[in-house]
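Engineer: coords please:
(chains A and B)
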Amino acid sequence: MLTIDRMKQALRDTQVGIEDQKDTLTDLDRAIGDGDHGINMSRGFDAVSSILDEEYDSLGALSKKVGMTLMSKVGGAAGPLYGSAFVKMATKFGDATEADFDLLKEALQEGSNSIKARGKSEVGQKTMVDVWDPFLEHVKQGDDYKQQLDELVQKTEDMVATKGRASYFGENSRGTVDPGALSSSILLAAIMKEVD
Amino acid sequence: MKEMAPSVPIHLAGGLEDGSIGTDVTRILEALDQVEGDALLLSDIGSATMNAELAIDMYEGSKEVAFFDGPIVESAFIASVSSGNDMSLTDIVEQLKQQ
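Structural biologist: Numbering: from 1, shown residues only, chains lettered A, B, ... in the order given. Coordinates of the predicted model:
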């Protein structure tokens, strides 16, 4: 069960995971973007960890606060994307104080849909959608979530970007893992770890 | 633009609170609130455009607000001159679409 405390733990783990991979995220983004993804995500999740000491009545209230924080603190396109995802997840969680696998998956699917809508993006464009969408389509309770996510991240390496800043690089975007896909896998792995 | 349309209020909402590069939807919403009449929102590329669309979706005030996704310098120039000539927000957006 994903309780409010376990969701907070997942967000703290995400902050640590982002910090560990900050330079990698920046290097990937420097290769096929504008080089700010590591810094932006680090700033955003630092801000998120500072709101975790507060009390929340529900998973919905916590998710909404996380979403609003990411929207205003991240800076790059990841801000409105991750921010919208959490705000949308909040509406699915509602007043629930804990979520089982199915409710979490439904909430994450809402989040994924909002990322697609906000980014006007679909699967196969070498973006974070290439992690969120296929992961949620195939995942079953008890799977090796981390391994599935890692594989999806790796798959973006051979894709050509047709959306986002990387699309300006065209064919040259092939050969580099998408940084948004990597940061998404860090977040999703941290959340999934807390549901079983 | 201030020379061509001195009466038209223009608010900048780029950058983050701490001055670093990027856009922050709350700053965009604040800028929309600062405009007394209807407001037109313009952006350059990437996250600025995404945040502009988000701000329009999140805006809860009573004014008409519109976002136009086009070349920012040209659009801002056309819009400010037209606004100074009392053209309505709807007509300004229509005019920008024709460009």
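
Engineer: Contact partners for the residue in chain A positioned nearest to chain B?
Structural biologist: Closest approach between chain A and chain B, counting by C-beta to the nearest C-beta: residue A:75, at 2.8 Å. Using the backbone N, CA and C atoms, a C-beta is placed for each residue, glycine as well. Taking C-beta atoms under 8 Å, 6 or more residues apart in numbering or on different chains, we find residue A:75 in contact with A:36, A:40, A:43-44, B:16, B:20-24, B:47.

Engineer: now the strands for chain B?
Structural biologist: Taking DSSP state E, the strands of chain B run over residues B:39-42, B:65-68.

Engineer: and the first one, which residues are buried?
Structural biologist: Of the residues in strand B:39-42, B:39-42 count as buried by neighbour count, 16 or more other C-beta atoms under 10 Å in any protein chain shown.

Engineer: Parallel or antiparallel, which strands does that strand pair with?
Structural biologist: Strand B:39-42 has its sheet partners listed here by DSSP bridges as strand B:65-68 (parallel).

Engineer: Average pLDDT for the partner strand, rounded please.
Structural biologist: Across strand B:65-68, pLDDT averages out at 97.

Engineer: got a list of contacts for it?
Structural biologist: Here strand B:65-68 has contacts from B:32, B:38-43, B:52-53, B:55-56, B:59, B:75, B:79, B:89-90, B:93, B:96-97, using C-beta under 8 Å, 6+ apart.

Engineer: what do you get if the cut-off is 7 Å, keeping everything else the same?
Structural biologist: B:32, B:38-42, B:52-53, B:56, B:59, B:75, B:89, B:93, B:96 (C-beta atoms under 7 Å, 6 or more residues apart in numbering or on different chains).

Engineer: doesn't residue A:35 fall inside a strand?
Structural biologist: No. Judged by DSSP: H, G, I helix; E, B strand; the rest coil, residue A:35 forms no part of a strand; its state is coil.

Engineer: Give me the pLDDT value at it.
Structural biologist: 90.

Engineer: Now it: closest residue in space that isn't a chain neighbour?
Structural biologist: What sits nearest to residue A:35 in space, not counting adjacent residues and going by C-beta to C-beta, 6 or more residues apart in numbering or on different chains, is residue A:29, at 5.1 Å.

Engineer: Residue B:29 too?
Structural biologist: Using C-beta to C-beta, 6+ apart, the closest residue to residue B:29 is residue B:55 (5.4 Å).

Engineer: Next up, the contacts around that neighbour.
Structural biologist: Neighbours of residue B:55 in contact, by C-beta under 7 Å, 6+ apart: B:25, B:28-29, B:32, B:41.

Engineer: check contacts around residue 12.
Structural biologist: Since you didn't name a chain, this refers to chain A. A:49, A:52.

Engineer: name the element it belongs to?
Structural biologist: helix A:4-20 (DSSP states H and E).

Engineer: What of residue A:112?
Structural biologist: Per DSSP H and E: residue A:112 is located in helix A:101-119.

Engineer: Against which helices or strands is the next helix or strand after that helix packed?
Structural biologist: Going down the chain from helix A:101-119, the next helix or strand is helix A:129-138, by DSSP H and E. Counting contacts by 3 or more C-beta pairs under 7 Å, 6 or more residues apart in numbering or on different chains; DSSP states H and E, helix A:129-138 is packed against helix A:101-119, helix A:145-155, helix A:179-193.
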